[in-house]
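> Prediction below, plus the sequence it came from.
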Amino acid sequence: MPNRYEIGASRVEGGRFFEYTGDDKVLTFAQVAEKVNALDLETDPNDNLSLTANFSHNGEKTSLTVSSIPLQTGDEKKPLVIFLPRYGEESSKAKRLLDIHLPSDWSSEGIDIFHSAANNQAILSSITGSQFGYALPLRMIDERIKDAHQMGRKVGLVGFSYGAHLINAYLSQQPRELPDAIVDVLGGNIKESTLHL
């Protein structure tokens, strides 16, 4: 008989506010990160680098993909800026929000985990999905920084809200190859946040 946990007395569409049924043991973040670190980088149908994790929660099989998407192509010897978006958004919007006009010979790319409704649902539907939603972009950040440094390029990270938390999580996990610069914008007021960096 499955275990049943309920939290909260308020009803939501005829059910409890939070309900979990099942016997699955929730993985620790370290276990999720280990699984993600064992994945091979792939090229998706649009020629973007991607990582795909397949996992199961309460018997439901789920697939979650993170992609590295070019936003501006410049000189391969000039700096690379990587944009990490807010929850539920894409990196191209993060670039527009900051209204950065990069020199034409610089490159920029985004690391997108929220590029499909299926991904959003996978991240929202379980703690396991949420953990993979963090671990996959962290691994992709690591790969992109290493690649840039091997090419002799400087690399900077720019993150908004969820993306800013990803930057902080990335910097707190060692050993990691560190970026050359970061801008992490926390909260909803971009102007106010950037004034206090």
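Received it, and whenever you're ready, just let me know what you need.

> Next one: the most centrally placed residue in the chain from residue 162, what distance?
With distances taken as CA atoms, centre = their mean, residue 137 lies nearest the centre of the chain, 3.5 Å away. Distance, residue 137 to residue 162, by CB to CB, to the nearest Å: 9 Å. C-beta coordinates here come from the backbone N, C-alpha and C atoms, glycine included.

> shared neighbours, these two?
Residues touching both residue 137 and residue 162 (CB atoms under 8 Å, 6 or more residues apart in numbering): residue 84.

> sorry, back to before: isn't the residue nearest to the centre of the chain up against residue 165?
No: between residue 137 and residue 165 there is no contact under CB atoms under 8 Å: 10.2 Å.

> got a list of contacts for stretch 174-187?
Applying CB under 8 Å, 6+ apart, the set of residues contacting stretch 174-187 is 79, 82, 98, 142, 145-146, 149, 154-161, 163-165, 167-168, 170-171, 193-194, 197.

> ChimeraX command to pick out the buried ones of these?
Buried residues among those (16 or more other CB atoms under 10 Å), as a ChimeraX selection:
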select :79,82,142,145,149,155,156,157,158,159,160,161,163,164,165,167,170,193
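
> Looking at the contacts of stretch 174-187, which are in strands?
Counted as lying in strands by DSSP state E, out of the contacts of stretch 174-187, are 82, 155, 156, 157, 158, 159, 160.

> From residue 140, how far off is the nearest residue to residue 184 once chain neighbours are set aside?
Leaving aside its chain neighbours, residue 184 sits nearest to residue 164 (3.6 Å; criterion: CB to CB, 6 or more residues apart in numbering). Distance of residue 164 to residue 140, computed by CB to CB: 16 Å.

> dump the residue contacts of residue 70.
Counting by CB under 8 Å, 6+ apart, residue 70 has contacts 48, 107, 108, 109.

> Let me fix that, I meant to ask about residue 149.
Counted by CB under 8 Å, 6+ apart, residue 149 has contacts 155, 177.

> how does it look with 10 Å?
By CB atoms under 10 Å, 6 or more residues apart in numbering, the contact set of residue 149 is 80, 155, 177, 178, 179, 180.

> next one: residue 66
Contacts of residue 66 (CB under 10 Å, 6+ apart): 36, 39, 48-53, 111-115, 119, 132-133, 135-141.

> Keep only those of those residues that are in strands.
Per DSSP E, the contacts of residue 66 map to strands at 49, 50, 51, 52, 53, 111, 112.

> now the first one, nearest residue through space, not along the chain?
This means residue 49. That would be residue 68: by CB to CB, 6+ apart, it lies 4.2 Å from residue 49.

> how far away is the one you found from residue 117?
Using CB to CB, residue 68 is found at 20 Å from residue 117.

> isn't residue 42 right up against residue 49?
Yes: using CB atoms under 10 Å, residue 42 is in contact with residue 49, at 7.4 Å.

> With neighbour numbers in mind, choose between these two.
Taking neighbours as other CB atoms under 10 Å, residue 42 and residue 49 compare with residue 49 leading, 19 against 12.
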